[in-house]
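[1] This is the structure alone, sequence omitted:
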C-alpha cells in the first residue's frame, strides 16, 4: 500500500537555486531511497539511506532521515535545467522481500 | 550499474487481446523481480513480486488471473495482461533486485488498449 507522501507535489525554481523535497512515511523501514524519473521514462536510483543513518551526500544531493519523525528530505544544490524531473522517495520494509513503497512524488521544474 | 531492459517499450492493442511484457536483467541474476504500474503523473503502485521458480505474490486488489507473471529464469520475468481493456492502459515498470537493498528499474512499457 502507498504510504509515502511527498511535499511539495510540484516545485518550480530558477537554475542555480537549491531545491528541497520532503517525504513522510508511516511504518518502520530498513532503508529509504530516492529516485528520479524523467517524463515517460524509467526510474533512476539516486541515493539510499539506511535507517541507522541520519544524513548522506552524493554530489549535489544531500539526503536526511529522521526516523523519529518518519521523514526524509532531498536537497539538490545549485540546480540545473537538466534536474527537471519527478522525484520519488521509496521506503523498503524490513524482511527478505524488501519491497519498495513509493511516495506520491514531487515534480521539479528548474527554469533556465 | 546494473541494466534492466523491458520489451516492448510501447504497445497498442485492441480490447480483448493479451499482451506480454518482458523484463530482463542484462548483466546480473535477479532472484526477485517486481512489477509496478504507474498512472499519468502518479506514483508507482506495486502489483506483484516475482520470484524465480515460484509463483508470484500479488498485492491486494491485483487480479492474478488478469496479470499473469512468469519468472522462468534468473534473468527474465514476464507480465501478461490478459483480455486487456482500456482501463488497463498504463505505464508498466519492472525492477530487478540484485542484492538485498538495491533494485534496478527497467525503462517501462507504455500500454495503450483501444
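    On my side now, so go ahead. Note that this is a predicted model, so its numbers are computed, not measured. Numbers count the residues shown, from 1 in each chain, chains lettered A, B, ... in the order given.

[2] can you tell if the helix or strand residue A:47 falls within touches chain B?
    Per DSSP states H and E, residue A:47 falls inside strand A:43-50. Yes: using Cβ under 8 Å from any Cβ of the partner chain, strand A:43-50 reaches chain B at A:43, A:44, A:45, A:48. C-betas here are computed from N, CA, C, even on glycine.

[3] what's next to that strand, contact-wise?
    A:30-37, A:55-56, A:58, A:61, A:63-65, A:72, A:74, A:87-88, B:1, B:44, B:93, B:95, B:101-105 (Cβ atoms under 8 Å, 6 or more residues apart in numbering or on different chains).

[4] and that strand, how far out from the chain's middle?
    8 Å (Cα atoms, centre = their mean, to the nearest Å).

[5] returning to what we had before: can you add pLDDT and neighbour count and give the residues of strand A:43-50 next to chain B back as TSV?
    Below are the residues of strand A:43-50 next to chain B laid out as TSV (pLDDT from 0 to 100; neighbours: other Cβ atoms under 10 Å in any protein chain shown):
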residue	pLDDT	neighbour count
A:43	91	26
A:44	91	14
A:45	90	17
A:48	93	17
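
[6] Looking at those, which is nearest chain B?
    Nearest to chain B among the residues of strand A:43-50 next to chain B is residue A:43, at 4.1 Å by Cβ to the nearest Cβ.

[7] Which residue comes closest to residue B:45 once chain neighbours are left out?
    Using Cβ to Cβ, 6 or more residues apart in numbering or on different chains and skipping the chain neighbours, the partner closest in space to residue B:45 is residue B:37 (5.1 Å).

[8] Oh, that last question was meant for residue B:5, not what I typed.
    Once flanking residues are discounted, residue B:5 sits nearest to residue B:24: 4.9 Å by Cβ to Cβ, 6+ apart.

[9] now residue A:83: how far from residue A:57?
    According to Cβ to Cβ, to the nearest Å, residue A:83 and residue A:57 sit 16 Å apart.

[10] neighbour-wise, which of those two wins?
    residue A:83 (18 against 11; other Cβ atoms under 10 Å in any protein chain shown).
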